[in-house]
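Asks: using only what follows, build the 3D model:
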Amino acid sequence: MLQQNTRTFTDKLFLVIKGLAMGAANKVPGVSGGVVAFVAGFYEEFIYSLQKINFKAFKLLINFRLKSFWRYINGRFLGLLLLGMLISYFSISKILDYLIIHYELYVWACFFGMIVGSIYYITKDFDEWNKRNIALILISILVGVSISLLDPAKENDNLWFVFICGIIGVSGMTLPGLSGSFILILLGNYVLLLVDAVNALYDTITDLIRWDFTFLQDSQRLRLLEVLIVFSMGSLTGLVTLSHFLGYVLKRYKTATFASIIGFITGSLGVVWPWKHKIYKVDTSNNPMIDALGDPILDNYDRYVPDMTVLETYIGIFFILIGIAIVLWLEWYGKQTLKSSK
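Replies: Here you go, the predicted structure:
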C-alpha cells in the first residue's frame, strides 16, 4: 500500500512538473508546449480530456454534481497540469526570462536540441511513409518555415482582436510544433499579452496581499487586467474548440495527423535556431520602441551561421546535446511509468 501511495504521489508530482514544462515552453517564442505533451507521452490524453469540457460537463456543473463533473473531465489530470502551468507563469517563466537575457544562445541551443530530439522521438516509431503522409510532412514544414519568415504586425489592444489572439495563441498547447508565443509576436501582441498583462496581474496580486488597493486608480493597470481577462477567455475558447477538432482528426486520421505534427515541429527549427541577432521595433525617427517596462520591443530575428573558431559555438553545441538528452530521458521515463502501471 505504501509503495502504491508513493507511486501515486510521484505520478501527481510529475504531472505538475509536466505542466511546468508546458507553461515555460508556451512562453518562449518558437517553442510549443504541445511538443512537451507529445514527447512526454500524454498528448492524446490531454486532447481527449479537453474534449470532455462540453455541454454535458456544463450540465453536471450547474446541477452541482461536482464529483461526477470532476471525473467526467478527467479533472485530476487537467487540474495538476493547470497547476503546473500557473506555477510556471510566476516562477519558471521568470527564470527563463533571466536566462534568455544573460545566456540567450545557450537557452535557444537547449530548446533547439529538444526539438531535434522530439523529431527523432516521433519519427522512430512512425512507419506510415506513404506518398500522402510525406506530402503532408513537406507541406507542414513549408507552413512552419513560412510562419517564421513573416513580418510582425503592430500592437493592438482592441478587445475583439485580443480575444482572437487568445484563440490563435493557445495553438501552441494543442498543436505540437506551432508556437503560440511566436504567433503572438507575428500578431504584434506578444509583449502586451505575455509580458505587460502578466506582470500587471502579478503586481495586482502582490498589492492585494499587502491590502493595497491604489491600483484601482491606475487606468493603465486596469486596462491591462481587462486585456488579460479577454485574452484568457479567448484562450479557453480556443483550447476547447481546437481540442474537439484535434480529437476528431486523431480518431479518424491518426497517421496523417502525426505526419503533419512531424512537419510542423521540423519547420519550427528555423524559429529556434540558436545563432541569431534580435531585431527591435523602431519608430519613425529610427529610435527603439519600448514597452511599459522600458524594454525594447522585439520585432524579429536575423539568423546567421555560427563561427566555428570561437568557444561559445561549441558550448552552444553542447547545450543542443543536453536538449536532445532531456527528450531521451523523458522518453525513458514515459516507458518506465507505463511498465510500472501494468
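
Asks: beyond the lengthiest helix in the chain, next helix or strand please.
Replies: Counting residues, the longest helix found in the chain (DSSP state H) is helix 219-252. Past helix 219-252, further along toward the C-terminus, the next helix or strand under DSSP states H and E is helix 254-267.

Asks: mind checking how far the helix or strand following that following helix is from the chain centre?
Replies: Counting by DSSP H and E, the next helix or strand C-terminal to helix 254-267 is strand 276-280. Relative to the centre of its chain, strand 276-280 is centred 21 Å away, using CA atoms, centre = their mean, to the nearest Å.

Asks: repeat for stretch 264-273
Replies: The chain centroid and the centroid of stretch 264-273 are separated by 14 Å under CA atoms, centre = their mean.

Asks: tell me the mean pLDDT for that stretch?
Replies: Stretch 264-273 shows a mean pLDDT of 78.

Asks: follow-up on the earlier one: now do the buried residues in the longest helix of the chain.
Replies: Within helix 219-252, the residues scored as buried using 16 or more other CB atoms under 10 Å are 221, 224-225, 227-228, 230-232, 234-235, 238-240, 242-243, 246-247, 250. Using the backbone N, CA and C atoms, a C-beta is placed for each residue, glycine as well.

Asks: by how many degrees do that helix and helix 254-267 diverge?
Replies: Between helix 219-252 and helix 254-267, the angle comes out at 140 degrees (axes from the mean of the first three to the mean of the last three CA atoms, to 10 degrees).

Asks: okay, how far is it across stretch 95-110, tip to tip?
Replies: Terminal residues of stretch 95-110 are spaced 15 Å apart (CA to CA, to the nearest Å).

Asks: buried ones in that stretch?
Replies: So, applying 16+ other CB under 10 Å, buried residues of stretch 95-110: 96, 100, 105, 106, 107, 108, 109, 110.

Asks: redo those as JSON lines? Include secondary structure, distance to residue 71 and pLDDT.
Replies: What follows is the buried residues of stretch 95-110, written out as JSON lines (DSSP: H, G, I helix; E, B strand; the rest coil; distance: CB to CB, whole Å; pLDDT from 0 to 100):
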{"residue": "96", "secondary structure": "helix", "distance to residue 71": "35", "pLDDT": "71"}
{"residue": "100", "secondary structure": "helix", "distance to residue 71": "40", "pLDDT": "73"}
{"residue": "105", "secondary structure": "helix", "distance to residue 71": "47", "pLDDT": "88"}
{"residue": "106", "secondary structure": "helix", "distance to residue 71": "44", "pLDDT": "88"}
{"residue": "107", "secondary structure": "helix", "distance to residue 71": "40", "pLDDT": "84"}
{"residue": "108", "secondary structure": "helix", "distance to residue 71": "42", "pLDDT": "84"}
{"residue": "109", "secondary structure": "helix", "distance to residue 71": "43", "pLDDT": "90"}
{"residue": "110", "secondary structure": "helix", "distance to residue 71": "38", "pLDDT": "86"}
